[in-house]
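[1] Quick one: sequence and predicted model below, then my questions.
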Amino acid sequence: MPSQLTRAGLWLLLICMLLAVPHGLSFSQQEILVFLTINVLVVTSYRLLALTGEWSLGHVVIMGVGAYASALASKELGIAVPVAMITGALTAALVAFGLSYPLFRMKGFYFLIGSFAAGEIIRLLWKRFRDPFGGPKGIKKIEPMPDFDIVIWRFDFFEPVSYYYFCLVVVGLSLWIMWRIEKSPLGLTFHAIHWQDKLAESAGINVRAYKTLAFVIASGFSGLAGALLAHYIGTINPNSFDLEQMVFVLTWTIVGGTATFFGPILGCAALVILNEIVLREFGFEQGRPLIYGFVLILSVLFLPRGLEGLLQDFTGALRGRGRQGSRQ
Amino acid sequence: MNVTSSILSVRDLGMSFGGVKAVDGLSLSVERGAIHGLIGPNGAGKTTTFNVISGYYTPSEGEVLFQGDRISGLPMYEVARRGVVRTFQHSTLFAEMTVLENALVGTHLAHRPKLAAAVAGLDKRDRNAALEKARAALDYFGLLSTADSRAGDLSHGHQRALGLAVAMASGPEVLLLDEPFTGMNPEETRTMMGLMEKLRDSGRTILIVEHDMRAIMGLCDRITVMNFGKLLTHGRPHEIRSHPEVISAYLGSARNVA
Ligand SMILES: Nc1ncnc2c1ncn2[C@@H]1O[C@H](COP(=O)(O)OP(=O)(O)OP(=O)(O)O)[C@@H](O)[C@H]1O
Ligand SMILES: [Mg+2]
């Protein structure tokens, strides 16, 4: 089948591009690329919960739970870093499961506020308990990813390029899993809950259980992202996961659009690139929250379907047919 | 009333909102394999009764029994799981999803999605079976040709039919239908009546709320009449049609009994 062949070709091209990207960049730009890759996992997992119609303000704190758990597991318990990362992800999922009990008694606006409060409580615990969380100063000297060789390839994880490739594999695999979930009957169930929870429930769907499932999966991947971050930057503290970071995640997601899988990724990439190229080059780095606020308002006003909508219109015009994503 | 053959019974049901008693001491019993009408003027409490039976509300008083088990107070999904599924008075659909996807949601009970199997791609058999069931439900209500349309784009009559198809896809024992014929033209109504008779003949039980008296009288085996939340009377269609209190209740609300 020719269409399948072109599809495979496009994937190959994308992979080659992703592999080639860091080689044209400076060291600091390579570091940004690592953060971007991690943030792609954060926004994609954020969208998984948004599929059920609930928006959380605790996602970045949950990411922090993964970061803290993974850092502590490797530092205090001496667990190997890759295993510690998985421990971090599982801890984040477990904490989310615990939180789901009070949180999903609420929905909509109340859930939003409740998730914010829950996140702040977790951050307070980090600040309050010096042992084991290190108080306001957080955790320093987190074990880096150990170097290893694959045949003749030496992965030295002080090199951003190596860590970027590592993240690419982990994030790629995570995205694939979330993609499979969304395209499965489970994803359809999440969509159904979003559009009409009353009808979904009358069709026998235990709405709270499925919201909890979405929340737990999303949190697990967010925690994994946190673990990737922690072992790269080597130091984390309660302010690494504050509301400002959450606002960035929200902005990426809203600017990108949540109707398709790729929307938030697009938003994240576009804004990070804008941030790095425009703001940093012109020495306007402190203006980031301001610019983000501005971009957010502009996109809500003029791009209600987000960047993905713009892209769909564009590719739709190219193909000469209307947009119509098909699920299942 | 033959108690042993009743599949669904409502006993001394009361539902109040603040000071308003929307349902007040209602009792009724639906026979297995019957089409049972629930009628009454606007605001009589019919939809509220459905909301209580389907688990949307927990009754203030009384209980609902399904096959002898108490189902009142159970959450809505659990009532559906037991086999009592309702449709909504105001077209309630997944408007942004396709017609086929709507029906697929209806198959949830028979084919619960499983996380690991879905990711690994090991649920092909379940997916195909669900697809077949969803298509069959659409076909039954004449919607198969619209399977790929967005549900919100359907005509009003087709939207009502889709609501029925979603309910049917979950394979319920008892269907609660809240005004299924509104928005349908006479022809569609007639077709739909035929389909409901077919459903009954295949062994399903239907409890139906409807203002279209001609349809109700033609379709129902038994009818319960409510007014101001209370039971007014019950009986066979010809008994109801000539019942003086029913006529005056309806005249009081300026509606006509056919
Ligand atoms: N959630 C609620 N809160 C307060 N009052 C309610 C609520 N639901 C219903 N009611 C009241 O209960 C009474 C019965 O309403 P219900 O919707 O059950 O009537 P109905 O018989 O279905 O009428 P219709 O034929 O117009 O659909 C009405 O007076 C209504 O205002
Ligand atoms: Mg009503």
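    Ah, there it is. The structure presented is a predicted model; accordingly, all values stated were derived computationally and were not measured. Numbering: from 1, shown residues only, chains lettered A, B, ... in the order given. Ligands and ions are numbered 1, 2, ... in the order given.
[2] all contacts plus neighbour counts: C-alpha atoms, from now on.
    Will do.
[3] Can you tell me the element the closest residue to residue A:104 other than its chain neighbours falls in?
    In space, and not counting its chain neighbours, residue A:104 is closest to residue A:208: 6.5 Å by C-alpha to C-alpha, 6 or more residues apart in numbering or on different chains. Element membership for residue A:208, per DSSP states H and E: helix A:207-233.
[4] Against which helices or strands is that helix packed?
    In terms of contacts (3 or more C-alpha pairs under 8 Å, 6 or more residues apart in numbering or on different chains; DSSP states H and E), helix A:207-233 is packed against helix A:27-50, helix A:59-75, helix A:81-103, helix A:160-182, helix A:185-195, helix A:197-202.
[5] still on that earlier bit, and the residue nearest to residue A:104, how far is that from residue A:193?
    The gap separating residue A:208 from residue A:193 is 9 Å, by C-alpha to C-alpha, to the nearest Å.
[6] what do you get for residue B:207?
    Residue B:207 is 26 Å from residue A:193, by C-alpha to C-alpha.
[7] same deal with residue A:15?
    Using C-alpha to C-alpha, we find residue A:15 at a distance of 35 Å from residue A:193.
[8] Which residue of the two possesses the greater neighbour count?
    Between residue A:15 and residue A:193, counting by other C-alpha atoms under 10 Å in any protein chain shown, residue A:193 is the more crowded of the two (26 against 13).
[9] Quick check: that one touching residue A:52?
    Yes. Under the criterion of C-alpha atoms under 8 Å, residue A:193 is in contact with residue A:52, at a separation of 5.6 Å.
[10] before we move on, the earlier item: what mean pLDDT does the helix holding residue A:208 get?
    What helix A:207-233 shows for mean pLDDT is 97.
[11] Give the buried residues for that helix.
    By 16 or more other C-alpha atoms under 10 Å in any protein chain shown, the buried positions in helix A:207-233 come out as A:207-208, A:210-233.
[12] Show the model's pLDDT score for residue A:258.
    Per the predicted model, pLDDT is 85 at residue A:258.
[13] Which strands and helices lie in contact with whatever helix or strand residue A:294 lives in?
    In this assignment (DSSP H and E), residue A:294 forms part of helix A:288-302. Helices and strands touching helix A:288-302, by 3+ C-alpha pairs under 8 Å, 6+ apart, are helix A:243-256.
[14] how distant is the helix it packs on from the center of its chain?
    10 Å (C-alpha atoms, centre = their mean, to the nearest Å).
[15] And it, what's buried?
    So for helix A:243-256, counting by 16+ other C-alpha under 10 Å, buried means A:243, A:245-256.
[16] Check stretch A:303-312 too.
    A:303, A:305, A:306, A:307, A:308, A:309, A:312.
[17] before we move on, what about stretch B:228-246?
    B:228, B:229, B:230, B:231, B:232, B:233, B:234, B:235, B:237, B:240, B:246.
[18] The fourth one and residue B:22 touch, don't they?
    No. The pair formed by residue B:231 and residue B:22 falls short of the contact definition of C-alpha under 8 Å, at 11.9 Å.
[19] Just give me the neighbour total for residue 24.
    Just so you know, I chose chain A. For residue A:24, the count of nearby residues is 9 (other C-alpha under 10 Å).
[20] Correction: the question concerned chain B.
    23.
[21] Now it, what are its backbone angles?
    phi -140, psi 100 (degrees, to the nearest 10).
[22] So the nearest residue to it once chain neighbours are set aside, which state does it fall into?
    Using C-alpha to C-alpha, 6+ apart and skipping residues adjacent in sequence, the residue nearest residue B:24 is residue B:14, 4.5 Å away. Secondary structure assignment for residue B:14 (DSSP: H, G, I helix; E, B strand; the rest coil): strand.
[23] Quick check: beta-bridge partners of residue B:14?
    residue B:24, residue B:61 (DSSP bridges).
[24] which ones are touching it?
    B:21, B:22, B:23, B:24, B:25, B:26, B:59, B:60, B:61, B:62 (C-alpha atoms under 8 Å, 6 or more residues apart in numbering or on different chains).
[25] element containing the first one?
    Element membership of residue B:21 [criterion: DSSP H and E] is strand B:20-31.
[26] Point out the other helices and strands that that strand packs with.
    Strand B:20-31 packs on strand B:6-17, helix B:46-53, strand B:230-235, going by 3+ C-alpha pairs under 8 Å, 6+ apart.
[27] buried set for the first one?
    What that stands for is strand B:6-17. Buried, per 16+ other C-alpha under 10 Å, within strand B:6-17: B:6, B:7, B:8, B:9, B:10, B:12, B:13, B:14, B:15.
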